[in-house]
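Q: Would you be able to build a 3D model of this:
(one chain, ligands or ions: 1)
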Amino acid sequence: MTYANPLLHKPSRGLPKRVVIIGAGTIGPDIGYYLKSAIPDLKLHLVDIAQAPLDRALERFKSYAAKGVERGRLSESQAREVTQGVHASLDYAVARDADWVIEAATEGIALKRKIFARLEEIVRPQTIITSNTSSLPAERIFADLSNKQRATVTHFFAPAWRNAIVEVVRWSGAGAGLIDDLNWLFCMTGKVPLNTADVPCFMLDRIFDNWCNDAALLLERASAAEIDSIAAEFVHAGPFRVLNLANGNPIIIETNTLQADEEGEHYRPAPILRSVETWRTAGPRPPPLAGEGRVGGEVSGETKSAVRDRLLAILISQTVDILDRKIGEAGDLDLGCRLALGFRSGPLELMRGIGASEVSRIMARGREERPGLPQPRRAVGDYQDFLRYVLVDEIGDVKVITLRRPEALNALNDELTDEILSVLRRFEDDAAVRGFVLTGYGPRSFCAGADIGRFPVMLGDAQAAAQYARDCARLLVHMDGMQKPIIAALNGMALGGGLEMALRCHRIVAMRGAMLQLPEILLGIVPGLGGMVVPYRRWPKAAAAFHNMICRAQRVPAKTAHSWGMVDALVDDHASLFEAAIARVQALSGTPLRDRFAAGPLSIDSPGNIEPVAENGLHLSPEVAALARQAIVEAAAAPNLDTALELGYRAFGKSACTAAAREGIEAFLQRRPADFSKTG
Ligand code: COA
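A: This is a model prediction of the structure:
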C-alpha cells in the first residue's frame with residue numbers, strides 16, 4: 001500500500017548505517033553532508049577515481065560544519081559528529097557491506113552502467129542502489145542489472161545538503177516496498193520525497209531544462225540579462241544566472257537532446273548553448289512591484305511581452321504535460337518548483353493567478369511560435385482541482401489528513417485550513433468513513449501555528465485582527481460540532497494555532513518527544529483561536545499550568561500533557577502513533593460524542609500576577625500579559641463556549657494593536673530576538 005504521507009508506511013528496513021557515495025564532485029559530498037547531519041552515527045564512504053576531488057570533498061565537510069557553528073545552527077559537538085566517520089576511498093570494495101550506495105557520477109549512460117555493473121559484483125543482495133541522474137530513465141541505466149529490484153533513481157537538487165526536495169522514481173523494475181521505504185527514509189531525515197514516473201528528466205527537470213532551453217532560444221529577441229530580468233517576476237534567479245552557477249549549458253544540451261530524440265524536435269537544444277560558456281547577466285533581483293511597469297529594465301514593451309509570454313508558455317506547457325501524462329502529482333509539482341527550483345510560486349498557482357483566458361491566449365501564441373509543445377488536453381480550470389497543502393490517505397475506513405507545508409513547519413495559512421475543512425465536509429456524511437486523523441508532514445512538526453507572514457497586515461487594526469482570528473477558527477468551530485471522531489496525531493511540535501487545532505480534536509495521541517507550546521506572547525500577541533479558553537474547559541485541573549503556557553510561553557513536553565489527560569497516549573515511533581490514532585477513531589466511532597467542553601461559567605484559579613518572563617529569560621510585554629490574564633478570567637466566567645471564544649478573538653484583536661506585537665512579529669520576520677523593553 002502506497003501512502004501520500006511517507007511516514008504512514010511501515011518500512012521493511014531502518015535508517016541506513018553504512019552509505020557509499022560514488023562521485024566526489026559537487027553533489028555527491030553535499031548528499032553525504034545531508035545524510036551525516038540527519039544520521040550522525042552513519043558511516044559514510046565517498047568514492048572517486050581521483051584523490052583530488054576526495055580531498056576537496058573532505059575539506060567541504062569541514063567548512064560546512066564550521067559555518068554551521070558560526071551561524072549557531074550546530075553545536076561544536078554536532079559539528080564533530082558530522083565530520084567524523086566520513087572516509088574517502090579510491091576503491092569500490094568499501095561498498096561491500098553498505099546498506100545503500102548512491103551513484104552521483106557524471107551524467108552519461110555508458111559510465112553509469114559500468115559503475116552499476118561493478119557495484120553489483122561487490123554489494124550484498126539487500127543493498128539499495130540509487131542513481132542521482134537528473135535525466136536518464138531508470139529503465140535504461142539499470143537495464144543490465146541482474147537484481148533490478150533494489151535499484152531506482154533518487155534525484156537531489158542543489159544544494160543537496162539543504163534543498164529539501166528529492167525526486168524518487170517509481171519504475172517498473174523496483175521491488176515491492178523499495179520506493180515506499182525510500183520515501184520513508186527521506187521523510188524521516190528531513191527531506192520531502194516527490195515520486196515521479198520514469199520518463200526523461202522525470203518531473204522537475206522537465207520544467208527547469210525546458211525553461212532554460214527556451215530562454216536560450218529567446219536570445220534572438222532579447223539579451224540574457226533582459227530575459228533574466230523579465231523572469232525575475234517568476235523566479236528568484238533567472239535561467240541564465242542559474243546556468244552560470246550550475247555550469248549548466250552542457251547539461252541542457254544533453255537532457256534536451258534526450259527529450260528531442262524521445263519526444264520530438266520541439267525539445268531540440270538551442271544551438272547557442274554549445275558556443276557560450278558563461279552568460280552576461282546580473283544577480284537575482286527582487287520581484288517588480290505591482291504596476292511598476294519596468295519589469296525588463298529598459299526592455300521595450302513588445303519584447304517584454306514576447307519574452308514573458310514565451311516563458312509562461314513553456315512553463316504551462318510542461319505543467320499540463322506532466323499532469324496529463326501522470327508524470328507527477330499537481331501538489332508535488334507546485335511544491336517542487338518552489339522549493340527545488342526557486343520559483344516564487346508553483347506553476348499551477350501562477351496559472352490560477354493569471355486566469356484561464358490569459359492562459360489560453362498565452363498557449364495560443366505558444367502554439368504558433370513553438371509548434372509541437374504540449375498543449376492543455378482539458379479545460380484549463382480542471383488542472384486547478386487538487387489539494388495544495390494537505391495530503392489525504394485512507395487507512396481502512398479512516399481518513400488521515402496530513403498538513404504539508406514543509407517550508408514553514410506546516411504552519412497554517414487560510415488555504416490550508418480551508419482544505420482541511422473541505423476534506424472533513426466531503427467525508428463527514430460518507431457512511432464508508434468512520435472518522436479522521438489529523439497529523440503533520442515529517443518527523444519534526446505537527447504544526448508551527450498560524451503563518452506569521454500573514455500578521456503584519458492586521459497590526460494596528462483590532463477589528464481586522466479579531467476577524468482574522470474568527471475566520472481562522474471556522475475550521476475549529478466546525479470540528480467542535482463533528483459527529484465523527486477526529487484524532488490529532490502529534491508527530492512533533494504543536495505550537496500556537498496548531499496546538500489550538502489539536503485541542504479541538506476528540507483525542508490527542510503524541511510521539512513521546514513531541515512538544516506543546518503557545519508561543520504567541522513571544523510575538524507580542526495572545527493566542528486567539530481558543531488557546532485561552534479550550535484548555536480550561538477541557539482539563540480545568542491543569543489551569544495553573546495553562547496560565548504559564550499562555551503568559552510565559554512555557555513549553556510542555558507531551559509527557560506532561562499526558563499527565564494532565566490532555567494527551568491520551570504516548571508512543572515511540574510513527575507506526576505506533578498512527579495505530580494509536582486509528583484505534584481511537586474505531587473506539588469512538590458510533591458512540592455518542594459527548595460535548596468535550598465545560599458549558600457554563602468555570603471556576604478556575606486566577607492567573608494572579610505571573611511575571612511575564614519567558615523560559616529563556618526574555619522579558620515579555622506586561623501589557624500583553626495583562627490582556628491575556630484578563631481574557632483568561634473573563635472567558636472562564638463566560639456563560640458558554642461561544643461567548644468565551646469570542647472574548648478570545650477580541651483579546652487577540654487588541655493585542656495586535658500593541659507596540660509589542662509590532663516588535664515581536666517584526667523581530668520574527670527579521671530573524672532577530674525581540675526586544676520588548678520599550679514597548680510596554
Ligand atoms: N509561520 C510562518 N513561518 C514559520 C512559522 C510560522 N508560524 N514557524 C516557522 N516558520 C518558518 C520559518 O520562518 C523558517 O522559514 P525560512 O526557512 O524561510 O526562514 C522555517 O519555517 C523553519 O523554521 P526555523 O525558525 O528556521 O526553524 P528553527 O528550528 O530555527 O525554529 C521554531 C523552530 C518553531 C522555534 C521557530 O520556527 C518559531 O519560533 N516559529 C514560530 C512559532 C510560533 O510563534 N507560532 C505561533 C504563531 S501564532
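
Q: got a list of what the nearest residue to Glu254 once chain neighbours are set aside touches?
A: Excluding its sequence neighbours, the residue lying closest to Glu254 (C-beta to C-beta, 6 or more residues apart in numbering) is Glu107, at 6.0 Å. In short, each C-beta sits where N, CA and C put it, glycine included. Residues in contact with Glu107 (C-beta atoms under 8 Å, 6 or more residues apart in numbering) are 133-136, 251, 254.

Q: Kindly recompute the last result at 7 Å.
A: Going by C-beta atoms under 7 Å, 6 or more residues apart in numbering, Glu107 touches 133-135, 251, 254.

Q: separation between it and Gly23?
A: Applying C-beta to C-beta, to the nearest Å, the value for Glu107 to Gly23 is 10 Å.

Q: Also Ala583?
A: Using C-beta to C-beta, we find Ala583 at a distance of 46 Å from Gly23.

Q: neighbour count winner among those two?
A: Neighbours of Ala583 and Gly23, each counted by other C-beta atoms under 10 Å, are more numerous for Gly23; the result is 23 against 15.

Q: Now do the phi/psi pair for that one.
A: Backbone geometry at Gly23, expressed as degrees, to the nearest 10, gives phi 110, psi 110.

Q: isn't it right next to Ile49, touching?
A: No: assessed by C-beta atoms under 7 Å, Gly23 is found out of contact with Ile49, at 9.2 Å.

Q: For Ser317, give me its contacts.
A: Listed by C-beta under 7 Å, 6+ apart, the contact set of Ser317 reads 366, 373-375.

Q: Ser357 now?
A: With C-beta under 7 Å, 6+ apart, Ser357 has no contacts at all.

Q: Return the set of buried residues in the helix or strand harbouring it.
A: Secondary structure from DSSP states H and E places Ser357 in helix 356-369. Within helix 356-369, the residues that count as buried by 16 or more other C-beta atoms under 10 Å are 356, 359, 362-363, 365-366.

Q: on that earlier part again, Ile128 versus the residue nearest to Glu254, what's the distance?
A: Look at Glu107 and Ile128: by C-beta to C-beta, they are 21 Å apart.

Q: With Gly600 instead?
A: Using C-beta to C-beta, Gly600 is found at 60 Å from Ile128.

Q: Looking at the two, which has the bigger crowd around it?
A: Between Gly600 and Ile128, Ile128 has the larger neighbour count (other C-beta under 10 Å), namely 23 against 10.

Q: I'd like the distance between the more buried one and Ile27.
A: Ile128 is 18 Å from Ile27, where distance means C-beta to C-beta.

Q: for the spatially closest residue to Ala432 that is not a sequence neighbour, what are its contacts?
A: Leaving out its chain neighbours, the residue that sits closest to Ala432 by C-beta to C-beta, 6+ apart is Asp397, at 6.0 Å. Shown in contact with Asp397 (C-beta under 7 Å, 6+ apart): 432-434.

Q: Grab the nearest non-local neighbour of the residue of the stretch 501-650 of the chain found nearest the ligand.
A: Nearest to the ligand in the stretch 501-650 of the chain, going by C-beta to the nearest ligand atom, is Pro519, at a distance of 3.9 Å. Nearest residue to Pro519, sequence neighbours excluded (C-beta to C-beta, 6+ apart): Ala553, at 4.7 Å.

Q: count of residues packed around that neighbour?
A: By the criterion of other C-beta under 10 Å, Ala553 has 24 neighbours.

Q: Please apply the same query to Asp675.
A: For Asp675, using other C-beta under 10 Å, the count is 12.

Q: Same check on Phe208?
A: 27.

Q: can I assume it is in contact with Gly342?
A: No: at 9.6 Å, Phe208 and Gly342 do not qualify as touching, with contact defined as C-beta under 7 Å.

Q: how far away is the residue of the stretch 251-400 of the chain found nearest the ligand from Gly68?
A: Using C-beta to the nearest ligand atom, the closest approach of the stretch 251-400 of the chain to the ligand is made by Leu339 at 10.2 Å. Per C-beta to C-beta, Leu339 is found 20 Å from Gly68.

Q: same check, this time on Arg512
A: Distance, Arg512 to Gly68, by C-beta to C-beta: 27 Å.

Q: for His87, same thing?
A: The spacing between His87 and Gly68, counted by C-beta to C-beta, is 21 Å.
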